[in-house]
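[1] model the structure of this input:
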Amino acid sequence: MIRSTLIICTLIFCSSSLHSQWEFVGNPDGFSAYNLIRGKLKIQSNTGIPHVFYQNSTINLASEISMQRFNGTEWEYAGDQVIDNLMTFNDHLDFAFDPTNANIPIIYFHNGEVGPSSVAKLNGNTWEPLLGLSNFSFNLGSYLPTEPINDPNTFGFDVGPTGNPVIGFSDFDCINEGFGNPPGNMSVITHDGEEWQYLGQSCLSPRSAGSVDLEYSPVTNELFGYHKGGLEESKFDQFRILTELNGSQWDDATSPAFDLPNVVGRMSINPVTGNVFMYDWGYSNGIGSERQFKVYEWDGDQLNSLHENGDLSMENSNWLTAFHPITGEMYILFNGPSLSEDGALNIKKYDGTGWVETPFSDISGLQDQSIDFVDMCFDTNGDLYILRGRDAIAKVIKRDGNITDNVSQFTAESIELQIYPNPASREVNINFNTKSDVEISLINALGQTVFNTKLQAPQLKINTESLSRGLYSLRFEMDGQFLVENLVVE
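    Residues are numbered from 1 along each chain as shown. I've put the predicted structure just below:
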């Protein structure tokens, strides 16, 4: 079941003032990063610090992976400068934060088509491996012999609400016989603090899983897996299947599976509504035919198509998505026919009826207008961050998200807002001055609403003694407008 609530990823060091143009995060010259098509950009919820996990060419070309984080002034290495030195071009990597352990990063990487998979967590300044993955048969190879799948989501990776990392992968131990050389059915494994083991039933997909994506819902903490499976009649026609872990049993969420010819498929979960979005881009009728891009939304009951209204014509499978933390609107950044010169990005949003242009597309304010993009995300204020890569250089840019015409926000000054004490240990007082009803929500680092009320009285007191220590977000909604402030509980 999918329930509606809100997740907030707080970015402490960012100013709440409006930015009229894109600007660089840190040095405009960026930092060295080879093969940044595999880079990942994410924001640590308790510190607001952005982290980039990527392949690094500083020491030895195309051989190391590293993680950098922005300390408010400059980018610096998180832990060892070189985490691994056996990476190749066809690598796969991802990371997430452990919500139970100060949101430390946990990384996953796979070296090439035949190399080992590895998971490690940052302990102080040292990366500690979680051993035991060699007991499982990971496969990265393509079963489309005329066009390999260079899909960064061949493996799915996430960290659960209890701090357990999970990996979804094509399992060589459960290959369907009589199907040539498929990549194997999908399995999911997890680390319980002692060892790796299957999560739910192994070989859970009814067909061969050519590529896999995996994500915990920030709303319900339920785990979803998204993968494709080939039909025996044709290796080019695929089914897409969304599965959901119910207790210890994987079940098909979108049942029956929906038919969609594709090469690359991904998923993401709306942090405001909890709905699952699935994206596919591939051939309409076998290799060499016209490409298609489709977006589906699963609301827990039915599958809705979102790609009919608005032009989403793409030149390749390089696209990124992010959800606005206040409105829940989905934004997509992609290569398209209109993206032929520097100075513009294709960034559109789904406004509930169709895909529309956004002011984010204009990057005329940047001195360096190279347009290569690798990852993107919003912060709690609605500022949009993009990780870019060109000529072995990584750069991060940001722009104020409130330039959109439908995300108006009132300010703390306009309602004479006071929040004290902050940090709070026993209780927090909230004072404001307005004639309108105000809905107030307190949200923890996992995106869970731990307190909610709607009132017009100018004062509110919240008991914090039963709350875990950490960073929280106070969300105020009034007359369709929003304001988010930080609260630290000690």
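[2] low-confidence ranges in the stretch 51-200 of the chain?
    Counting by pLDDT under 70, the stretch 51-200 of the chain shows low-confidence ranges at 57-63, 85-91, 111-116, 137-154, 175-184.
[3] can you give me the strands for it?
    Using DSSP state E, counting those that start in this stretch, the strands of the stretch 51-200 of the chain run over 64-70, 75-77, 92-98, 104-110, 117-123, 126-129, 156-159, 165-171, 185-191, 196-198.
[4] can you tell which of those is closest to residue 227?
    Judged by CB to CB, the one of the strands of the stretch 51-200 of the chain that comes nearest to residue 227 is strand 185-191, at 4.7 Å. Quick note: C-beta positions are derived from backbone N, CA and C, even for glycine.
[5] what residues does the closest one touch?
    Strand 185-191 has contacts (CB atoms under 8 Å, 6 or more residues apart in numbering) with 119, 130, 132, 136, 156, 160, 164-171, 173-176, 196-200, 202-209, 212, 214, 223, 225, 227, 229, 243, 245, 250.
[6] try 6 Å
    Under the criterion CB atoms under 6 Å, 6 or more residues apart in numbering, residues 130, 164-168, 171, 174, 196, 198-199, 202-205, 209, 212, 227 lie in contact with strand 185-191.
[7] any idea how far the closest residue to residue 109 other than its chain neighbours is from residue 425?
    Nearest residue to residue 109 in three dimensions, chain neighbours excluded: residue 93, at 4.0 Å (CB to CB, 6 or more residues apart in numbering). Distance, residue 93 to residue 425, using CB to CB, to the nearest Å: 40 Å.
[8] mind listing the helices for this structure?
    Assigned helices in the chain: none (criterion: DSSP state H).
[9] residue boundaries of the strands in the stretch 351-490 of the chain?
    Assigned by DSSP E, counting those that start in this stretch, the strands in the stretch 351-490 of the chain fall at 355-357, 373-378, 384-390, 393-399, 418-420, 427-431, 438-443, 449-455, 459-463, 470-478, 481-489.
[10] need those strands in a markdown table with mean pLDDT, can you?
    Output for those, formatted as a markdown table (pLDDT from 0 to 100):
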| stretch | mean pLDDT |
| --- | --- |
| strand 355-357 | 85 |
| strand 373-378 | 88 |
| strand 384-390 | 86 |
| strand 393-399 | 87 |
| strand 418-420 | 91 |
| strand 427-431 | 92 |
| strand 438-443 | 85 |
| strand 449-455 | 84 |
| strand 459-463 | 89 |
| strand 470-478 | 81 |
| strand 481-489 | 81 |
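[11] nearest to residue 103, out of those strands?
    Nearest to residue 103, of all these, is strand 470-478, at 8.8 Å by CB to CB.
[12] the closest one pairs with which strands?
    Partners of strand 470-478 in the sheet, by DSSP bridges, are strand 438-443 (antiparallel), strand 481-489 (antiparallel).
[13] can you pull out the low-pLDDT segments for the stretch 201-350 of the chain?
    For the stretch 201-350 of the chain, applying pLDDT under 70 flags the ranges 205-211, 228-240, 254-265, 281-291, 310-311, 313-317, 335-344.
[14] can you pull out the strands in it?
    209-216, 223-231, 234-246, 249-252, 258-259, 264-269, 276-283, 291-298, 303-305, 319-323, 330-334, 346-350.
[15] picking that back up, neighbour count: residue 93 and residue 425, which is higher?
    residue 93 (24 against 13; other CB atoms under 10 Å).
[16] hang on, residue 312 packs against residue 293?
    Yes. Between residue 312 and residue 293 there is a contact at 5.2 Å, judged by CB atoms under 6 Å.
[17] how is the protein carved up into domains?
    23-403, 418-489 (automatic domain parsing).
[18] returning to what we had before: mind putting the strands paired with strand 470-478 into CSV with distance to residue 326?
    Listed next are the strands paired with strand 470-478 as CSV, based on distance: least, CB to CB, whole Å:
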stretch, distance to residue 326
strand 438-443, 12
strand 481-489, 5
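[19] which of those strands sits closest to residue 48?
    Per CB to CB, nearest to residue 48 of those: strand 481-489, 8.5 Å.
[20] buried set for the closest one?
    482-489 (16 or more other CB atoms under 10 Å).
[21] got the contact list for stretch 119-131?
    With contact meaning CB under 6 Å, 6+ apart, stretch 119-131 is reached by 79-80, 83, 104-108, 165, 191.
[22] ok, of the residues you listed, which come out buried?
    79, 83, 104-108, 165, 191.
[23] backbone dihedrals for residue 467, please?
    Per-residue torsions, residue 467: phi -90, psi 150 (degrees, to the nearest 10).
[24] list the contacts of it.
    Residues counted as contacts of residue 467 (CB under 6 Å, 6+ apart) are residue 489.
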